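Asks: predicted coordinates and the sequence they were generated for:
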Amino acid sequence: MKPLILTDLDGTLLNFTAAFEDWLTSKDIPFHPNKLGDHYCISGMFDRKVDEKQLVSEFFESDYGGNCQALDNTIQHVRELYDLGFDFIGITACSDDEALIELRQKNLLSVFGFCIPVYATGFHGSKERILNSYSSSIWVEDHIDNAIAGNDAGHTVFLINHPYNQEDGPYTRVKDWEEIKEILCAGI
């Protein structure tokens, strides 16, 4: 059986923040730049109350939502892990609409060059059920609660470092996919 990497999408593989800010700019929606990358709180980007779910849904219905770029230093190392025989499955907390899931899968294919199946939990949904449905694997995440859920489900957890996730926990904190690849390849 091939080794399996379960991974979140936004903030781990894809740069949701840059694409979302580009979309907001294109729509002339005023926001505070860099707030999302620092706090990962969409409502904190605005001086007014916003419907986060509606805003994110509109984003993903736009051309921007299906064209998120990879995070820096990601493509080469993810591709190398795939070439070494690792399988990937994406788990994301966005709408579980089938058309959106297909859009996310196409985005991943265009960025990484191979198919990554995607499971969606619904907007801000829990990833626990999906994580618990897999035997011990690798889990890559950027949110502490989801990293802990992966650990509780018996996975080896890597937390991609961001300003909004600085608490210690039962995971290995990494800068990027290069570090993940080095750690995983050292164990082969």
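Replies: Received it, and whenever you're ready, just let me know what you need. Predicted, not measured: the structure shown is a model, and the values here were computed from it. Numbers count the residues shown, from 1 in each chain.

Asks: domain parsing for this protein?
Replies: Listed by automatic domain parsing, the domain ranges of the chain are 4-14+69-186, 16-61.

Asks: CSV for those, including mean neighbour count and mean pLDDT?
Replies: C-beta here means a position set from N, CA and C on the backbone, and glycine is covered the same way. Shown next, in CSV, are the domains of the chain (neighbours: other CB atoms under 10 Å; pLDDT from 0 to 100):
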stretch, mean neighbour count, mean pLDDT
domain 4-14+69-186, 18, 95
domain 16-61, 16, 89
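
Asks: next, Leu6: phi, psi?
Replies: phi -90, psi 130 (degrees, to the nearest 10).

Asks: if I look at it, how far off is Thr156?
Replies: Relative to Thr156, Leu6 is positioned 10 Å away (CB to CB, to the nearest Å).

Asks: following the lengthiest helix in the chain, which helix or strand comes up?
Replies: Counting by DSSP state H, the longest helix found in the chain is helix 98-112. Using DSSP states H and E, the helix or strand that follows helix 98-112 in sequence is strand 118-120.

Asks: can I assume Val118 is in contact with Asn107?
Replies: No: the pair Val118 and Asn107 does not pass the contact test of CB atoms under 8 Å, sitting 9.3 Å apart.

Asks: give me the nearest residue to Cys185, chain neighbours excluded.
Replies: Excluding the flanking residues, the one nearest Cys185 by CB to CB, 6 or more residues apart in numbering is Leu84, at 7.2 Å.

Asks: isn't the one you found right next to His77, touching?
Replies: No: the criterion here is CB under 8 Å, and Leu84 misses it with His77 at 10.5 Å.

Asks: which parts of the chain are strands?
Replies: Here the chain has its strands, by DSSP state E, at 4-7, 87-92, 118-120, 138-141, 156-160, 172-174.

Asks: minimum distance to Asp28: which of the ones you listed has it?
Replies: strand 87-92 (27.6 Å; CB to CB).

Asks: adjacent strands (with direction) for that closest one?
Replies: In the sheet, strand 87-92 lines up against strand 4-7 (parallel), strand 118-120 (parallel) (DSSP bridges).

Asks: and the helices in the chain?
Replies: Using DSSP H, helices in the chain cover 16-26, 35-39, 52-61, 75-83, 98-112, 128-132, 144-152, 177-186.

Asks: now do the third one: distance to the chain's middle.
Replies: Going back to what we said before, that points to helix 52-61. Taking the mean of its C-alpha atoms, helix 52-61 sits 16 Å from the chain's own mean (CA atoms, centre = their mean, to the nearest Å).

Asks: mind listing what the nearest residue to Trp139 once chain neighbours are set aside touches?
Replies: Spatial nearest neighbour of Trp139, excluding adjacent residues (CB to CB, 6+ apart): Gly150 at 3.4 Å. Contact analysis of Gly150 by CB atoms under 8 Å, 6 or more residues apart in numbering lists Leu6, Lys127, Leu131, Trp139, Glu141, Val157, Tyr171.
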